[in-house]
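S.K.: can you look at this prediction? I've put the sequence above it.
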Amino acid sequence: MRTRFWLAALALPALLAPLPCPAQLAAQEPVGHPPPSVLGDGDPAVLEVTVTAAATRPGALVIPVPPAEDASEPERILHYFCRAWKDWDFKAMYGAMASDYRSDVPYRRFEALFKGNIETNGGLLDESIAAEPGGSGAAAVRLRVVLRYRNAHAAPRTVVALAVREGANGWRIAQSGILPLDLDDL
């Protein structure tokens, strides 16, 4: 490993040295003549760069959208949420939340709720999901969820989660018992 780094360190100046800066090229060529082609085909080389919004704002928060397959059914969006919870992927979890919830609760507060839960319960180990009797409708479905935590001293917890349909976006999770209690919001 040390040898590879040492060779790369020696090769880097050699790779960069032959590349003149634009000011050097301009000084070498008479005014009115284009700089020599880097590609050697007679045409000036063109560098095309695509800039995305995330690249223009360092540290911009990018919340992933759940895949359509995972958002296609209430149970699937809940499994998606729990998979992300097991991986401590708070952004994916936040993306699975209903838009009303996300407009009321900023991401940093949401993340803090789950980080606090991880400190207390060790994070989610496993879940089992079943439809709540009489809790289904066209736009909302109640699901009974048993949460088992990584901390052996944390007892399993049974909660009711509410999945809501958000039009073309599919199903999302509304504020419900699956979320840790927000003591600041009491």
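M.R.: Here it is on my side, so go on.
S.K.: return the alpha-carbon coordinates of the longest strand that the chain contains using PDB.
M.R.: Scanning the chain for the longest strand, with DSSP state E as the assignment, gives strand 124-136. Extracted C-alpha coordinates of strand 124-136, given in PDB (Å, rounded to 0.1, in the frame of the first residue of the first chain):
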ATOM      1  CA  LEU A 124     -34.500  -1.300  14.800                       C
ATOM      2  CA  LEU A 125     -33.600  -5.000  14.600                       C
ATOM      3  CA  ASP A 126     -36.800  -6.300  13.100                       C
ATOM      4  CA  GLU A 127     -40.500  -5.500  12.400                       C
ATOM      5  CA  SER A 128     -43.600  -7.400  11.700                       C
ATOM      6  CA  ILE A 129     -46.500  -5.700   9.900                       C
ATOM      7  CA  ALA A 130     -50.200  -6.700   9.800                       C
ATOM      8  CA  ALA A 131     -53.300  -4.800   8.600                       C
ATOM      9  CA  GLU A 132     -55.300  -3.200  11.500                       C
ATOM     10  CA  PRO A 133     -58.800  -4.700  11.500                       C
ATOM     11  CA  GLY A 134     -61.300  -2.100  10.100                       C
ATOM     12  CA  GLY A 135     -58.500   0.400   9.500                       C
ATOM     13  CA  SER A 136     -58.400   0.500   5.700                       C
END
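S.K.: what's the first helix or strand after that strand?
M.R.: Per DSSP states H and E, the first helix or strand lying C-terminal to strand 124-136 is strand 140-149.
S.K.: in that following strand, what counts as buried?
M.R.: For strand 140-149, burial by neighbour count (16 or more other C-beta atoms under 10 Å) applies to 141-145, 147, 149. No exception for glycine: its C-beta is placed from N, CA and C like everyone else's.
S.K.: same check, this time on stretch 78-93
M.R.: 78, 80-85, 90, 92-93.
S.K.: alright, calling it a day.
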